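# Below: sequence and its predicted model.
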Amino acid sequence: MSAKRNGQDRLPPHSLESERAVLGCILLDPRSSLPVCQERLTCEVFYDLRNRTIYEALVQMSERGMAIDVVTLFANLYPNVLVSST
C-alpha cells in the first residue's frame, strides 16, 4: 500500500506489530484496556485494514455491552459462518 503526499509515494508511519499488540491487550483484558485505548486511539490510526476492522468491531461490541473474547469477536465479524466440529 502506498499513499501520495506532496507528489511523492510514501508509506505513512506504521507498526503492524504494535497494532497486533494493542488488539491482543484488548482481547486479554477488555474491561481495563479497551477504555484506555478508546481514549487515545481512533480506528484511523490502524494502518492495516484487517486490524482496523477488528478494532472497530471491538469498540462496537463494547458500546452494545457485549462480552468481548475471541469467540464473540469471531461471531461478530462473521455472523453467517457456521463452525462445524466434524
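Received it, and whenever you're ready, just let me know what you need.
# Please, where are all the strands along this protein?
Along the chain, counting by DSSP state E, strands occupy 3-5, 8-10.
# Now the weakest link among the ones you listed, please, by mean pLDDT.
For the strands of the chain, the weakest mean pLDDT is recorded on strand 3-5, namely a mean of 51.
# Near Thr53, how many other residues are there?
13 (other Cβ atoms under 10 Å). Glycine gets a C-beta too; all of them are placed from N, C-alpha and C.
# Same check on Phe46?
For Phe46, the neighbour count with other Cβ under 10 Å is 21.
# From Leu11, how far off is it?
14 Å (Cβ to Cβ, to the nearest Å).
# Now do the contacts for the residue nearest the centre of the chain.
When Cα atoms, centre = their mean is applied to the chain, the residue found nearest the centroid is Tyr55 (2.2 Å). Neighbour list for Tyr55: 22-23, 26, 37, 41, 43, 46 [criterion: Cβ atoms under 8 Å, 6 or more residues apart in numbering].
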